[in-house]
Each structure stands twice: as structure tokens, then as C-alpha cells.
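Asks: Need coordinates for the following:
(2 chains)
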There are 2 protein chains.
Amino acid sequence: MSQGFLLVISGPSGCGKGTVSKALLERNSDIVFSISATTRKRRVGEEDGINYFFMDEEEFCENVEKNEFLEHAFVHNNYYGTPRDFVLKEIEKGEIVLLEIDVQGAMQVKKNYKNVVFVFLLPPTMAELKDRITKRGTETPEDIQRRFENAFEELNFVGEYDYFVVNDKVENAVLDIENIICAEKLRVKRHSDIKEKIISQGGK
Amino acid sequence: MSQGFLLVISGPSGCGKGTVSKALLERNSDIVFSISATTRKRRVGEEDGINYFFMDEEEFCENVEKNEFLEHAFVHNNYYGTPRDFVLKEIEKGEIVLLEIDVQGAMQVKKNYKNVVFVFLLPPTMAELKDRITKRGTETPEDIQRRFENAFEELNFVGEYDYFVVNDKVENAVLDIENIICAEKLRVKRHSDIKEKIISQGGK
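Replies: Below is the predicted model:
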């Protein structure tokens, strides 16, 4: 029986991790998206357990104390977290669980869980990164500058990751990540019973 | 600058490592085949430094004492070894060096060198393995039985490897190994200067 793993796709803001993760999920229906818990109000059309696990602050903080999140953060007056229980259940079933997250979150996951494949998504150039951050157009020049400087700092964390993928074109980045997934599925450490399989009826 | 690595393709006799390695090299002209040193007589058409590094026993044993082989063995009254120097020079150039070798040899390499990707090639079933060993037709029933029992024992070493590939069809096994190579090329640890690349002119 093959064990699944947590696939963390991370990188500086503007590297395109959201777009790449979406494209990866569209092409690979067998990848399970990690559903976050949040204290923010449910919006029209959002379903509990589908878009998010919605909970109030009290419940969220209880879960934090019980160490039931692989990572969590406070963003725009709301808490967000990755429920350990959901991820581990899927992985035990042999699933690959995708978690798209910023660098700080990825570093929290690294402290809290070991069966993870960490992919660092890179912009092709810093000029391209600045361009992507600017094009969002939702922020002041100061915000953009700050975000760019943060992104620059976040590049220092690449050494904490297993793989890097340059997001020059989304299709190429997705292909690289699919390649990584195929290889990781062939890792001996994820298969406890290789010899037995071969002896009994053999093979994949 | 990306660092290459040594790709060890190994497995029990009859798993098809020779056929798979040959097919892999035919499809990937950028992979460098590890040339062995040997004390056996040069045959017609064989070239020194192309087919083998030919040397006499004295030179070979000197090299063994100087620890200049990643592994070596005495087979049918001749010595065979993998020259460390050749492998390391190619890897420093960024090349992937393929070494096709039996399980005992792979375990020697593991002791002597760290920058290695170990692939264990498996037969789809033990019945198929016995069939392949038998079909060689060059051996007595006793030889075949002994070889089969050895192969069975060698399966116990799969846990020492990084990846396993089931050789049900050669094409599939080659694709799996190509996948592993692509992923290993994206490993952060093989790239010392990712941030500098992105900052300077960016990307792969």
C-alpha cells in the first residue's frame, strides 16, 4: 500500500503559486486540495468543508492550543489554518494533498510535519516579479515596494525546500511539478511492502 | 551552475537492468555512461577509455589501495571497478552519469560516495524473474536455481535505494527513470546559486 504525501507549493508573492496550483488541480483530478479552516464570515456560495472549514474564534483558538493546525496565520482580522487531521486522513488513504501557501506558512508546516514535498516556485526574473506585483493594481506604490522587498527576502528561504520550479510559463511549471509528483510516487520510503507485492502478484 | 549526479540503476539478476540502461542511453544522449576499469584482455573492436579502462592487475590493485574505485569486484578471474575520478569529473561538469550495477556493487557505491540517486529495478513478478533467468539458457538448472534464490535475497536491499521502478515493459521503466531524472534536476540541493540566477538574469 502506497502512502500519499503533502505537496506544499510556495514562494514569494507574485511568483504565481495560485495560478499554478489551480492549473495543476484542473489537470490532475486525483490531487486533493487542502481545505483551510477560517474565522472569516462565509460568503454567498461558499460551503463549509468545501471552500473552508468555517469556525468562530473560540473554536479556532482551541484548535491552535491543541496543535491541530499544521500552520496558521492572522490575516486581515481573520484567522486561517491548515487542519492537520484532514491532511493526515487523506495521506493515509494514499492521496496527494496540495497546500498552496506563503513562505512563512511553509516554514511552520516544516516544523510540524515531516511527510512533505516542498516546492519553491520562482519568478523567471525579479523584473518579472515586480511587474506581476505592480499589475495587481490594488495597492499603493508603497505597498508594492514593500511587497517586492519582502519577496526579495523570501528568496533566501529557497534552501529550506526540496525542489524549485521556475514559473516562466504556467504550463511549464505545471509539467515540472507533475514530474516531481511522478518521481515522489516512486520513492521506496512511501512503499512499505514492495517485496511482498512482487512476491505475491507483482508490480505496481 | 547545476551539479550533476551519479544515477545507479541496479536490481536482482533478471530484472532487466542492462536492457533498460541501454534503452535509457539511446533516448538520452546527454546521459554519460560510467566506463569501468578492468583487468580482462581487450577484445577486438574494444577501445581503451571508450568500452573500458584497460589495466593490468598491478595497476588495478594500486588503484584499489588508493581508494580510486567507487566499487570493484572480481568476476570470472578478472577485476572490474568504477573509477571515482571519471565519475566525479563528469558530475562536476553538471553531467548525469549512469552506472548499471548489481546490488552488491550498489551497496559499495553507497558507502563510498554520497551524490547518488539509487534506482532499484524490479521484475513485475517472481515468476517473470525466474522465466527471464531461465530463458538465458546458458546455465545449468542448479545455476538457475541459485541465481533465482540470490535474486530473491537481493530484493531485501530495496530499502537501501531511493526509488524503485517496476520493469513490466522496458518503455515504461525508461519513462519512470526519465521522470526521476527530471525531478532530481529540480532539487534545490543541486543548485547553489538559485537566488543569484533569478536576480541576475533569471530562471533556469
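
Asks: which parts of chain A sit against chain B?
Replies: Proximity of chain A to chain B, by Cβ under 8 Å from any Cβ of the partner chain, involves residues A:120, A:122-128, A:155-156, A:158-159, A:161-166, A:168, A:176, A:179-180, A:182-184, A:186-188, A:191, A:194-195, A:198-199, A:201-204. In this view, the C-beta of every residue, glycine as well, is placed from N, C-alpha and C.

Asks: pull the longest helix from chain A.
Replies: Ranked by number of residues, the top helix in chain A under DSSP state H is helix A:170-185.

Asks: Can you spell out which helices and strands pack onto it?
Replies: Contacts defined by 3 or more Cβ pairs under 8 Å, 6 or more residues apart in numbering or on different chains; DSSP states H and E place helix A:170-185 against strand A:5-10, helix A:17-27, strand A:116-122, strand A:163-166, helix B:170-185.

Asks: Using PDB, write out the CA atom coordinates for the very next helix or strand once past it.
Replies: Per DSSP states H and E, the first helix or strand lying C-terminal to helix A:170-185 is helix A:194-200. Below are the C-alpha coordinates for helix A:194-200, written out as PDB (Å, rounded to 0.1, in the frame of the first residue of the first chain):
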ATOM      1  CA  ILE A 194       7.400  -3.700  -2.200                       C
ATOM      2  CA  LYS A 195       9.000  -7.100  -1.800                       C
ATOM      3  CA  GLU A 196       5.600  -8.600  -0.700                       C
ATOM      4  CA  LYS A 197       3.900  -7.100  -3.800                       C
ATOM      5  CA  ILE A 198       6.400  -8.600  -6.200                       C
ATOM      6  CA  ILE A 199       6.300 -12.000  -4.500                       C
ATOM      7  CA  SER A 200       2.500 -12.200  -4.200                       C
END
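
Asks: Helix A:194-200: how far from the chain's middle?
Replies: From the chain centre to the centre of helix A:194-200 is a distance of 33 Å (Cα atoms, centre = their mean, to the nearest Å).

Asks: residues of that helix that come out buried?
Replies: In terms of neighbour count (16 or more other Cβ atoms under 10 Å in any protein chain shown), helix A:194-200 has its buried residues at A:194-195, A:197-198.

Asks: Between the helices and strands packed on helix A:170-185, which one is closest to residue B:32.
Replies: helix B:170-185 (12.4 Å; Cβ to Cβ).

Asks: What are the buried residues along that closest one?
Replies: The neighbour-count check on helix B:170-185 (16+ other Cβ under 10 Å) flags B:173-174, B:176-185 as buried.

Asks: From those residues, pick the one nearest chain A.
Replies: Distance to chain A across the buried residues of helix B:170-185 (Cβ to the nearest Cβ) is lowest for residue B:183, with 3.5 Å.

Asks: Counting neighbours, what do you get for the closest residue to residue A:184 other than its chain neighbours?
Replies: Leaving aside its sequence neighbours, residue A:184 sits nearest to residue A:117 (Cβ to Cβ, 6 or more residues apart in numbering or on different chains; 5.4 Å). When neighbours are counted by other Cβ atoms under 10 Å in any protein chain shown, residue A:117 registers 20.

Asks: Quick one: residues contacting residue A:117.
Replies: The contact partners of residue A:117, taken as Cβ atoms under 8 Å, 6 or more residues apart in numbering or on different chains, are A:5-8, A:162-163, A:180-181, A:184.

Asks: Now a PyMOL select for only the buried ones of the residues of chain A next to chain B.
Replies: Of the residues of chain A next to chain B, the buried ones can be selected in PyMOL as follows, counting by 16+ other Cβ under 10 Å:
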select buried, chain A and resi 120+122+123+124+125+126+128+155+158+161+162+163+164+165+166+168+176+179+180+182+183+184+186+187+188+191+194+195+198+202
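
Asks: quick one: low-confidence ranges for chain A?
Replies: A:1, A:201-204 (pLDDT under 70).
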